[in-house]
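> Here is a sequence with its predicted model. Questions after.
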Amino acid sequence: MYFFMYCLFLILVSVPACVFKCLLFPGQENV
């Protein structure tokens, strides 16, 4: 159960972070 919550937390954090980075630094995602 804790592992599922941990994976869900990582997904919920990493997705908006990636979107925010792509919006903030366009063209920098292919490093």
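Now that the structure is in, tell me what you want to look at. Numbers count the residues shown, from 1 in each chain.

> which element is Pro26 on?
Using DSSP states H and E, Pro26 maps to neither a helix nor a strand.

> From Leu12, how far off is it?
Per Cβ to Cβ, to the nearest Å, Pro26 is found 23 Å from Leu12. (C-beta placed from N, C-alpha, C; glycine too.)

> neighbours of Ser14, just the number please.
10 (other Cβ atoms under 10 Å).

> Just the element for it, please.
Per DSSP H and E: Ser14 is located in helix 2-24.

> Give me the mean pLDDT for that helix.
Averaged over helix 2-24, pLDDT sits at 89.

> Would you mind pulling up the elements that that helix packs against?
On a contact count with 3 or more Cβ pairs under 8 Å, 6 or more residues apart in numbering; DSSP states H and E, helix 2-24 meets no helix or strand.

> what about dumping the CA coordinates of that helix to PDB?
Written as PDB, here are the backbone C-alpha positions of helix 2-24 (Å, rounded to 0.1, in the frame of the first residue of the first chain):
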ATOM      1  CA  TYR A   2       2.800   2.400   0.900                       C
ATOM      2  CA  PHE A   3       4.600   1.500  -2.300                       C
ATOM      3  CA  PHE A   4       1.500   2.400  -4.400                       C
ATOM      4  CA  MET A   5       1.100   5.700  -2.600                       C
ATOM      5  CA  TYR A   6       4.800   6.400  -3.200                       C
ATOM      6  CA  CYS A   7       4.500   5.700  -6.900                       C
ATOM      7  CA  LEU A   8       1.400   7.800  -7.100                       C
ATOM      8  CA  PHE A   9       3.200  10.700  -5.300                       C
ATOM      9  CA  LEU A  10       6.100  10.500  -7.700                       C
ATOM     10  CA  ILE A  11       3.800  10.600 -10.700                       C
ATOM     11  CA  LEU A  12       1.800  13.500  -9.400                       C
ATOM     12  CA  VAL A  13       5.000  15.400  -8.700                       C
ATOM     13  CA  SER A  14       7.100  14.600 -11.700                       C
ATOM     14  CA  VAL A  15       4.400  15.200 -14.400                       C
ATOM     15  CA  PRO A  16       3.700  18.900 -13.400                       C
ATOM     16  CA  ALA A  17       7.400  19.400 -12.800                       C
ATOM     17  CA  CYS A  18       8.200  18.200 -16.400                       C
ATOM     18  CA  VAL A  19       5.400  20.300 -17.900                       C
ATOM     19  CA  PHE A  20       6.500  23.400 -15.900                       C
ATOM     20  CA  LYS A  21      10.100  22.900 -17.000                       C
ATOM     21  CA  CYS A  22       9.100  22.400 -20.600                       C
ATOM     22  CA  LEU A  23       7.000  25.700 -20.500                       C
ATOM     23  CA  LEU A  24       9.800  27.600 -18.600                       C
END
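
> Much appreciated, bye for now.
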